[in-house]
Structures are given as structure tokens and as C-alpha cells.
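**Student:** dropping a prediction and its sequence here:
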Number of protein chains: 2
Amino acid sequence: MTIVITAFERSPDGGKGLARDTRVRWALEEVGLPYEVRLVSFEAKKEQPHLGLHPFGLIPTYEEGDLVLFESGAIVLHIAENHLGLLPEDPGARARAITWMFAALSTVEPPILEIVIVRFAEGDKPWSEERLELVKDRIRDRLAQLSDRLGDAEWLDGEFSAGDLMMVSVLLRSRPSGLLDEFPNLAAYAARGEARPAYRRAFAAQLAINAPDRVSD
Amino acid sequence: MTIVITAFERSPDGGKGLARDTRVRWALEEVGLPYEVRLVSFEAKKEQPHLGLHPFGLIPTYEEGDLVLFESGAIVLHIAENHLGLLPEDPGARARAITWMFAALSTVEPPILEIVIVRFAEGDKPWSEERLELVKDRIRDRLAQLSDRLGDAEWLDGEFSAGDLMMVSVLLRSRPSGLLDEFPNLAAYAARGEARPAYRRAFAAQLAINAPDRVSD
């Protein structure tokens, strides 16, 4: 059954791989599933027919025959539950890996995304500069806690899992602001994720769409 | 095996049931599992031994023998996967119910929680009042999309599921600001969740801790 995902026609990050389709591409590459991509413009994502797939007008979506899913977390979990390679077999370890997926999306990512609000949605407001520092401090608090828990481990809980895939994806969004590099063990952890062949294939695939002039062989 | 969750010694909402232990209590009540509660103070949650259970110093946590989980989304999913009543049997419907859990936590809740930032973390800042209106408009955008999708359906996708449990829990956090009541179908949907016997038991259990003087028979 052909898997079809959606991605931006042109991602606002210009090919840094930070849009959420990269997470789904990465998961599909880890388990070795082929997929097709349908590109959606910024205007079209807020209209039908895309809104029928994604009620909040975002990307990615995931179609597999009659099944339609949205939310990168749900899509990655669906892939991980149905194919080997992203979740441990032991039930306890599996529940903990899923815990890290939720932690990435519910606890670590929201403060990181506040930077987008400060810089873009409220970039013209008089408080923008002063607020940026407050937002950065809240991100630092979260990253410091994560850094303490990771310590010098390679991955968050034993072998690489969908929890690491999601946490690395979220952490990469804190790199352009310089915050990730303030925590050397987190920066090294994210770099280990990026070094995985599956990530590299996913990154290259989104780069070919978003910055085709920057794609090398 | 005894299940032990953690909750605030005294919730900042004074017993409105908006702290995240209520979601876990609700899920446990829906599937009929008994549980014990260990109370944690605002100071103790950021120190050992609690940090050993929850790396971000939050509640709730979940202990079941040797298994330790955190993140209300992961805990509710763990309960739903191991007991009947919160996820459909059909694999596609099950994946869609899980999608709504992630949508609640990753897409609907973050803008709603911004109100806490505006009112408390930045309540003394000169931009607080003007920003509150911007934040409310972003919440309205999300609630309008959700309202369109729900329409006049009883639940988000067929029977009541863990996706509805999480979405109702998140929506209730938008009620004190008056925003939920701007969308009558969402307000009625949340009220249907609150009317479930399992929710009522969960709510009463947290109220007995947080506002013992307000508990009636």
C-alpha cells in the first residue's frame, strides 16, 4: 500500500530540515518504508481539500490506503508500532520510549517554539527584544533538565528509539538560536541523531525540495 | 500490582481539576483500575527523589511495580493500551484516536497554556495586557478549527476514546478565560466529558485534596 505524506511546497526554514515532515521521513527511512510526498503551499494548507486531511491546516499528513493520520507524533508512533526498529520489544522499555516521544512534543518543544512567536508573530512589537531573553531562559531551564537526565548516555533510554527520534528533532529547532550548543552533551546527542543514515536520507529528501540549488551528490 | 501516581500537595488552580493528574485519574477511572496518590509539594517536585521519577520536575508520574512513567499523554496511552475502554479495537480507528491525543497535547494545549505565561510568569510586564489579546486570538484560531471539525458530533471520531479524554481535559483549561464558551459545540463537548461518571469520580478525588472544604457528599 503506497504511503503518501504531505510537506510544504517551500519550507520557511529554507531547507534546514526543521519542518515536521522531516520527522516522518526519518521514521519511514529507519524502518525502510518507501513513501511519496505531496507538496502543499502555505495558502492551500488552510483550505479544502487539505483541511479534510488535517483539521488544523498543518503538515505533515499521512495516508495509507483509507487511513488518514495527522500530527507527526501520532504518525511516527503508528510507523513504530507496525514496523521493527523504532520501539523496544520489552513492554516496559516500550512504554518508556513512548514517554520520551510525549516529553519531546509536550514539554520540550513548546518553549522552543515560543521563539517563532517572539521573532515572527510578534517581531514588530516593542517588547520583542526583552521577551526573547525571557523565552530563552525558559528554554534553558528545560534543556538543563534534559541535559542532567541524559548525562553521558548515548540515547535517552537504552537503544535508539522513536523517543530519541522525536527528541533530537525537537532539539534541532533550538540550534539556530545558539541554545543547543550551550549544552555540549545535548548538542552531541543531536549530532548522533543527524549522523544516522536514515536521518541523512530524510534530510537530503527535504533539502531537494526546499533548497534544490544546495543539494550536492 | 499497586499503581501509584503523584499529584500536587495543593494545586495552583484551587481544585478546578485542571492539573494534569486529573487526566490520569480519569483514565484509571474509565478502565476501573484502583490507584494510590503520593502528594508532592511545589518545592519537592524540583528535587530528588521526585526528579528521579520525572526529569522535568512536574506531575503526574506513574509507578506500577518497576515501571516508572511520566507525561500524562504517555501514562494515559499506557493505560488505554493495556485495558479495555479507551481505544477502539479496529487498528485504523485506534490510530486515529491516538492522533487526537497528540493533537490535544501538541497543537491545542500549547497556545492555551500561553495564558499562564502572560498572566503569571510575565504578569508584571508592561506588555501583559496587550499580549493577552494576541494570545487569546491564537487560541480562538485553534478552537475555531476544532469546532469546525467536531461539528455536531458527540465525540471526535466515533465512540468516546482516550483522544476525547485528552481533548476535553485540554479544552477545560480554556474555560476560565471565557474562550471555551465562545464555541458552543466545544463547550457542550467538554460538558459531555465532565458528565461521565469516571470524570466525576476523578474530579471529586482531586477536589478532596485541593479544596477539602468545598467537597460535598
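**Tutor:** Yep, that arrived.

**Student:** what segments of chain A are helices?
**Tutor:** With DSSP state H as the criterion, chain A has helices at A:21-31, A:50-53, A:72-82, A:91-102, A:109-116, A:128-150, A:162-172, A:184-195, A:197-210.

**Student:** now the first one against helix A:162-172, angle please.
**Tutor:** Counting by axes from the mean of the first three to the mean of the last three C-alpha atoms, to 10 degrees, helix A:21-31 lies at 150 degrees to helix A:162-172.

**Student:** which ones are touching the residue located most distally from the centre of chain A?
**Tutor:** Note on chain A: the largest C-alpha distance from the chain mean falls to residue A:126, namely 30.8 Å (C-alpha atoms, centre = their mean). Applying C-beta atoms under 8 Å, 6 or more residues apart in numbering or on different chains, we find residue A:126 in contact with residue B:127. All C-beta atoms are positioned from the backbone trio N, CA, C, and that covers glycine.

**Student:** what pLDDT is listed against it?
**Tutor:** With respect to pLDDT, residue A:126 has a value of 93.

**Student:** likewise for residue A:88?
**Tutor:** 98.

**Student:** same check, this time on the one 3 residues further on
**Tutor:** Residue A:91 is assigned a predicted lDDT (pLDDT) of 97.

**Student:** so who does the nearest residue to residue A:58 once chain neighbours are set aside touch?
**Tutor:** Spatial nearest neighbour of residue A:58, chain neighbours left out: residue A:45 (6.7 Å); criterion: C-beta to C-beta, 6 or more residues apart in numbering or on different chains. Shown in contact with residue A:45 (C-beta under 8 Å, 6+ apart): A:8, A:54, A:57, A:58, A:59.

**Student:** of those residues, which belong to strands?
**Tutor:** residue A:8 (DSSP state E).

**Student:** now render the contacts of residue A:45 as TSV, adding pLDDT.
**Tutor:** Listed next are the contacts of residue A:45 as TSV, based on pLDDT from 0 to 100:
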residue	pLDDT
A:8	94
A:54	98
A:57	97
A:58	96
A:59	97
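
**Student:** are any of the contacts of residue A:45 buried, and which?
**Tutor:** A:8, A:54, A:57, A:58, A:59 (16 or more other C-beta atoms under 10 Å in any protein chain shown).

**Student:** the second one and residue A:44, how far apart?
**Tutor:** The reference is to residue A:54. Counting by C-beta to C-beta, to the nearest Å, the separation of residue A:54 from residue A:44 is 11 Å.

**Student:** would you agree residue A:30 is in contact with residue A:84?
**Tutor:** No: counting by C-beta atoms under 8 Å, residue A:30 sits too far from residue A:84 to count as a contact (9.7 Å).

**Student:** who has more neighbours out of those two?
**Tutor:** residue A:30 (25 against 10; other C-beta atoms under 10 Å in any protein chain shown).

**Student:** and for the residue nearest to the more buried one when sequence neighbours are not counted, the neighbour number?
**Tutor:** Distance criterion C-beta to C-beta, 6+ apart; nearest residue to residue A:30, sequence neighbours excluded, is residue A:198 at 4.3 Å. Here the count is done by other C-beta under 10 Å, and residue A:198 has 20 residues near it.

**Student:** measure residue A:198 to residue A:165 for me?
**Tutor:** When residue A:198 is compared with residue A:165 (using C-beta to C-beta), they lie 9 Å apart.

**Student:** hey, what's in contact with both of these two?
**Tutor:** A:26, A:30.

**Student:** so how far is chain B from the nearest residue to residue A:144 once chain neighbours are set aside?
**Tutor:** Nearest residue to residue A:144, sequence neighbours excluded (C-beta to C-beta, 6+ apart): residue A:183, at 7.1 Å. To chain B, residue A:183 is 14 Å away according to C-beta to the nearest C-beta, to the nearest Å.

**Student:** make sure residue A:183 is actually in contact with residue A:149.
**Tutor:** No: using C-beta under 8 Å, residue A:183 is not in contact with residue A:149, being 11.6 Å away.

**Student:** those two: who's more crowded?
**Tutor:** Summary of the neighbour comparison: residue A:183 and residue A:149, criterion other C-beta under 10 Å, with residue A:183 having more neighbours (20 against 17).

**Student:** ramachandran coordinates for that one?
**Tutor:** With angles defined as degrees, to the nearest 10, residue A:183 sits at phi -120, psi 90.

**Student:** now do the same contact list for residue A:21.
**Tutor:** A:5, A:6, A:7, A:8, A:37, A:59, A:60, A:72, A:206.

**Student:** quick check: domain ranges of chain A?
**Tutor:** A:3-85+A:198-214, A:91-196 (automatic domain parsing).

**Student:** which one of the helices of chain A lies nearest to residue B:1?
**Tutor:** helix A:91-102 (12.0 Å; C-beta to C-beta).

**Student:** so which elements touch that closest one?
**Tutor:** Here helix A:91-102 touches helix A:72-82, helix A:162-172, strand B:67-70, helix B:72-82, going by 3 or more C-beta pairs under 8 Å, 6 or more residues apart in numbering or on different chains; DSSP states H and E.

**Student:** check whether the last one contacts chain A.
**Tutor:** Yes: under the criterion of C-beta under 8 Å from any C-beta of the partner chain, helix B:72-82 makes contact with chain A via B:73, B:74, B:77, B:78.

**Student:** what's the closest of these to residue A:156?
**Tutor:** residue B:74 (12.9 Å).

**Student:** from residue A:176, how far off is the closest one?
**Tutor:** From residue B:74 to residue A:176 the distance is 28 Å (C-beta to C-beta).

**Student:** check residue A:207 too.
**Tutor:** Counting by C-beta to C-beta, the gap from residue A:207 to residue A:176 is 16 Å.

**Student:** so for the two, which sits in the more crowded spot?
**Tutor:** Remark: of residue A:207 and residue A:176, residue A:207 carries more neighbours, 19 against 12, as counted by other C-beta under 10 Å.

**Student:** can you report phi and psi for the closest residue in space to the more buried one that isn't next to it in sequence?
**Tutor:** Nearest residue to residue A:207, sequence neighbours excluded (C-beta to C-beta, 6+ apart): residue A:15, at 4.7 Å. Phi and psi for residue A:15, reported as degrees, to the nearest 10, are phi 100, psi 10.

**Student:** contact partners for residue A:15?
**Tutor:** Contacts of residue A:15 by C-beta under 8 Å, 6+ apart are A:206, A:207, A:210, A:211, A:214.

**Student:** could I get the helices and strands packed on helix A:91-102 as a markdown table with distance to residue A:114, mean neighbour count and mean pLDDT?
**Tutor:** Formatted as a markdown table, those follow (distance: least, C-beta to C-beta, whole Å; neighbours: other C-beta atoms under 10 Å in any protein chain shown; pLDDT from 0 to 100):
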| stretch | distance to residue A:114 | mean neighbour count | mean pLDDT |
| --- | --- | --- | --- |
| helix A:72-82 | 19 | 24 | 98 |
| helix A:162-172 | 13 | 26 | 98 |
| strand B:67-70 | 22 | 20 | 98 |
| helix B:72-82 | 20 | 24 | 98 |
